[in-house]
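**Q** prediction below, plus the sequence it came from.
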Amino acid sequence: MSDPTAVELIIKGVTLAGEPFRPSDWAERLCGVLAAYRPGFVATRGPVLGYSPYVQPTMVRGVRSVIVDPRLRDLEPRAWDFVVGFARDNGLVTMPASELVAAPTLPDIPPAAG
């Protein structure tokens with residue numbers, strides 16, 4: 001991986017001690033706070049009725065999580081710092097999204113008879 005900051009960050013709803021993070025709707029709350037950070041958003045347009053494309057709640061292997069797009073850092077560095085700080089301050093497990101995709105494996109091929 002050439003630039004580790006260029007991959008999406010996953011914040012899992014599990015603490016470093018292995019406990020579920022509470023409240024159970026933490027991911028939706030966090031994403032709701034960051035909903036205004038989106039391409040072309042103008043603050044005078046009124047309320048936002050959806051999540052930012054850069055900060056999305058999801059489930060990862062049965063655990064409530066948030067996926068954070070690294071482009072958020074370019075759009076608003078303070079919003080990126082807020083999200084990363086939230087994970088750090090609450091002792092949440094974080095990982096690059098690339099870790100979810102296992103490296104491909106080739107099937108064992110028997111040697112040719114000869």
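**A** That came through fine.
**Q** just list the residues touching the closest residue to residue 50 other than its chain neighbours, thanks.
**A** In space, and not counting its chain neighbours, residue 50 is closest to residue 35: 6.7 Å by Cβ to Cβ, 6 or more residues apart in numbering. In short, each C-beta sits where N, CA and C put it, glycine included. By Cβ atoms under 8 Å, 6 or more residues apart in numbering, the residues touching residue 35 are 48, 50-52, 55.
**Q** which single one of those is nearest to residue 90?
**A** Closest approach to residue 90 among the contacts of residue 35 (Cβ to Cβ): residue 55, at 15.6 Å.
**Q** who's in contact with the closest one?
**A** With Cβ under 8 Å, 6+ apart, residue 55 has these contacts: 30-31, 34-35, 37, 66-69, 72, 79, 83.
**Q** cutoff 7 Å now
**A** Taking Cβ atoms under 7 Å, 6 or more residues apart in numbering as the criterion, residue 55 is in contact with 31, 34, 37, 66, 68, 72, 83.
**Q** mind checking pLDDT for the nearest residue to it once chain neighbours are set aside?
**A** Using Cβ to Cβ, 6+ apart and skipping the chain neighbours, the partner closest in space to residue 55 is residue 34 (4.4 Å). Note for residue 34: predicted pLDDT of 91.
**Q** which helix in the protein runs the most residues?
**A** As assigned by DSSP state H, the longest helix anywhere in the chain is helix 77-89.
**Q** what about the residue nearest the centre of the chain, distance to residue 17?
**A** For the chain, residue 67 is the residue whose C-alpha lies nearest the centre (Cα atoms, centre = their mean; 2.0 Å). Plainly put, residue 67 is 23 Å away from residue 17 if you go by Cβ to Cβ, to the nearest Å.
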